[in-house]
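Engineer: After the sequence you'll find the predicted model.
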Amino acid sequence: MYEFDWSSIRPGLPFLWKGMKVTLYITLVAMAAGIALGTVLAILRMAKNRALAWLSAAYVNTFRSIPLVMVILWFFLLLPAVIERIFSISRQEDTRLTTALVTFSLFQAAYYAEIIRAGIQSVKSGQMGAALALGMTNGQAMRLVVLPQAFRNMAPLLLTQTIILFQDSSLVYVASLADFFGVAGIIGTRDGRQVELYLFAGAVYFVACFILSSLVKRWQNRLKGHA
Amino acid sequence: MHNWRWEVFLEPAQGGSGATYLDWVLVGLRMTAAVSLCSWVIALLWGSLMGIFRTYPSKLLYGLSTAYVEVFRNIPLLVQLFLWYFVAPEVAPLGLGAWFKQLHPNLQLFVASMLCLGFFTGARITEQVRAGIESLSRGQKAAGLAMGFTLPQTYRHVLLPMAFRIIIPPLSSECVNLVKNSAVASTIGLMELAYQGRQLVDYTAQSYESFIAVTALYVALNLLILLFMRWVEKKARVPGFMGGGGR
Amino acid sequence: MITIRNVSKIYPNGFQALRECSTQVEKGEVIVVCGPSGSGKSTLIKCVNGLEDFQQGEILVDGTSVGDPKTNLPRLRSRVGMVFQHFELFPHMSILENLTVAQVKVLGRSQDEATERGHKLLERVGLKAQAPKHPGQLSGGQQQRVAIARALCMDPICMLFDEPTSALDPEMINEVLDVMVELAQEGMTMMCVTHEMGFARKVAHRVVFMDEGRILEDAKKDEFFGGARTDRAKLFLSKILSH
């Protein structure tokens, strides 16, 4: 029978917290940038200009049809050189975190874009007509009337997607970036206590995601009740 | 600038077995297909069972299936994979751990990846099946029971045939997701597409060619699945029902 | 005020919604547009403020051409009030915000000025107490009265009504019609798509009858009700009046 030894975890907590901060940092930045870019993509997708709509669709479909692992590998192949050139950073500096931030922001934007597009389409078309009839420009009608309703309808789904992003960020493992799970792995390997560390990491992810998704579910039911 | 050398795929690979680098890619493709297919079978069977439990009038079964879904949806896939590969063999009861450890290392990788992807995807299919059953009107169940069917018979003959037809579209996107997710198995060393792509980069330094080939194959696999599922959908269509398909 | 000249509209799928429609609305005039569903009357009225485009012909509102790509449509629309079948109040804003948002963002009025004007018009439609509520908390009739007030806040030179009562429960129709009658009697230029023939008899100057995208009759109210010329219109009238 396996004998558990949890003694590595307590002294490892500060290091694990440092990793968790990286995880949270990636999650929050990619959420903010992803929703912003996703909104732009969703609006372009519905633009009258065929070329713009096509470009947006191509962006979204490309990212959605490639495994995240491959996307990360691609970006870690391409981006460091670009970042080094643009910001004239020397080779020695660690651009991995920046690369991860850019990767997850651009990747998540494709997923957020589809949610936001559905949100915009869920707003009755008459609302746009009414806003235009009051003399608003397309931009004003979008900003003041359609988007606020779209975001309200889609907020629970956007949050669910963010929980998925929080989980997916663990895949920076393939770029050996020390996020929460990466740190758990480092400590586990160092102390020969991988079993305990992986179980601990799983438990932490579970508790965080379970609580968050329960809250989202409750919120969603309340929104449904109002409608 | 990058020095394009597509002919690299035709060159004999290091290791001297006579295989070309193209063969490496095909080995990866075969492994991706194999692990996806096996996990899909597990996910479909297990997910359907759990999905039925989610709607079954039994507190125990409902609780069990709900716990399953919550656990497998709220832990990152990568973490689950490490739990299956590194942790489960250590703590598994009934000598299963010992059985696992005496397997060939490549088989260990395959079994762990298959179980991981199968039960991860199964949790998502559980929810699809539940939604499919719940989307049928209550009257369907009542009508089944009123005809003298037992509850399992009602599921077998009335509820499930319709529910599965309704959820074909979401199932096909789950299938695509499964293939994409299988790339995660490269992290423990399963020799599937993404892993072979990285190998190629290490051995040939032709990173762009390798990644382009691998990425294109993933996209092709996705398209193949979507075409197949569209065909299934057509075959399963019920006159006068689809289109208003309850979603 | 509104001149519609030979307007035709064809959808990309080939369906012709409007065929050579011509009519006009003088300042202070009230015209009622009626016809069976699918006859193109809603499409026609939406062409007037450019919510629908059209391929042939010309529409002038107060001398400005609607179809001209150089026309500043938002500016034109801000001067033309419109009331919709399904009210289209903005559900995420309070009643008062519904009335002020365009005044501030489109006309550039100050918040205070807009609020004052909003309260005044809410009082006029008898809904002063509802200002802080949200649209979802009001009855259909109340929502439509708010929608009318919202349009009036912009001090429009004319008003377009697109089946304003057809989504309402019967007992709420009159409260909306009363507001419209009052507006007509004050001399507002109005173009109303409606089946309310009582309203037409009471305040309309002219009645336009449409079928299959064509204007079949365009007559003074008394002539129209006294004896419609076309069989289609007669049939329509007999169906609608027998209820």
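Structural biologist: Received the coordinates, thanks.
Engineer: Excluding chain neighbours, what is closest to A:Lys217?
Structural biologist: Distances taken as Cβ to Cβ, 6 or more residues apart in numbering or on different chains place A:Pro156 nearest to A:Lys217, at 7.9 Å, with adjacent residues excluded. To be clear about C-beta, it is placed using only N, CA and C from the backbone, and glycine gets the same treatment.
Engineer: Run a quick neighbour tally on that neighbour.
Structural biologist: Residues near A:Pro156, counting by other Cβ atoms under 10 Å in any protein chain shown, number 21.
Engineer: which parts of the biggest helix by length in chain C are buried?
Structural biologist: Counting by DSSP state H, the longest helix found in chain C is helix C:170-185. By neighbour count on 16 or more other Cβ atoms under 10 Å in any protein chain shown, the buried set for helix C:170-185 is C:Met172, C:Ile173, C:Asn174, C:Glu175, C:Val176, C:Leu177, C:Val179, C:Met180, C:Val181, C:Leu183, C:Ala184.
Engineer: isn't there a strand covering C:Ile215?
Structural biologist: Yes. Assigned with DSSP: H, G, I helix; E, B strand; the rest coil, C:Ile215 falls within a strand.
Engineer: Number of residues surrounding it?
Structural biologist: 23.
Engineer: Distance check, it against chain B.
Structural biologist: Counting by Cβ to the nearest Cβ, to the nearest Å, the gap from C:Ile215 to chain B is 37 Å.
Engineer: Next, the contact list for that residue, please.
Structural biologist: C:Cys21, C:Ser22, C:Thr23, C:Val208, C:Phe209 (Cβ atoms under 8 Å, 6 or more residues apart in numbering or on different chains).
Engineer: Tell me how many other residues crowd the second one.
Structural biologist: Applying other Cβ under 10 Å, we find 13 residues neighbouring C:Ser22.
Engineer: got the contact list for it?
Structural biologist: Neighbours of C:Ser22 in contact, by Cβ under 8 Å, 6+ apart: C:Ile4, C:Arg5, C:Asn6, C:Val7, C:Gly57, C:Ile215.
Engineer: which one of the residues you listed is nearest chain A?
Structural biologist: C:Ile4 (17.5 Å; Cβ to the nearest Cβ).
Engineer: The closest one belongs to a strand, doesn't it?
Structural biologist: Yes. Applying three-state DSSP, one finds C:Ile4 inside a strand.
Engineer: what is it paired to in the beta sheet?
Structural biologist: C:Thr23, C:Ile59 (DSSP bridges).
Engineer: Distance of it relative to C:Met191?
Structural biologist: 9 Å (Cβ to Cβ, to the nearest Å).
Engineer: can you list residues touching both of the two?
Structural biologist: Common contact partners of C:Ile4 and C:Met191 (Cβ under 8 Å, 6+ apart): C:Val48.
Engineer: Which residue does chain A have closest to chain C?
Structural biologist: Nearest to chain C, among the residues of chain A, is A:Gly135, at 2.5 Å (Cβ to the nearest Cβ).
Engineer: Count the neighbours of that residue for me.
Structural biologist: A:Gly135, neighbours per other Cβ under 10 Å, totals 26.
Engineer: Pretty sure it sits against C:Ala102.
Structural biologist: Yes. Assessed by Cβ atoms under 8 Å, A:Gly135 is found in contact with C:Ala102 at 6.1 Å.
Engineer: overlap in contacts of those two?
Structural biologist: With Cβ under 8 Å, 6+ apart, A:Gly135 and C:Ala102 have common neighbours C:Ser78, C:Met154.
Engineer: Flag every residue of chain A that's near chain C.
Structural biologist: A:124, A:126-127, A:129-137, A:140, A:144-145, A:148-149, A:152, A:226 (Cβ under 8 Å from any Cβ of the partner chain).
Engineer: Sort out which of the residues you listed are buried, if you could.
Structural biologist: Judged by 16+ other Cβ under 10 Å, buried ones among the residues of chain A next to chain C: A:126-127, A:129-137, A:140, A:144-145, A:148-149, A:152.
Engineer: In helices, which of the residues you listed fall?
Structural biologist: Using DSSP H, those in helices are A:Gly126, A:Gln127, A:Gly129, A:Ala130, A:Ala131, A:Leu132, A:Ala133, A:Gln140, A:Pro148, A:Gln149, A:Arg152.
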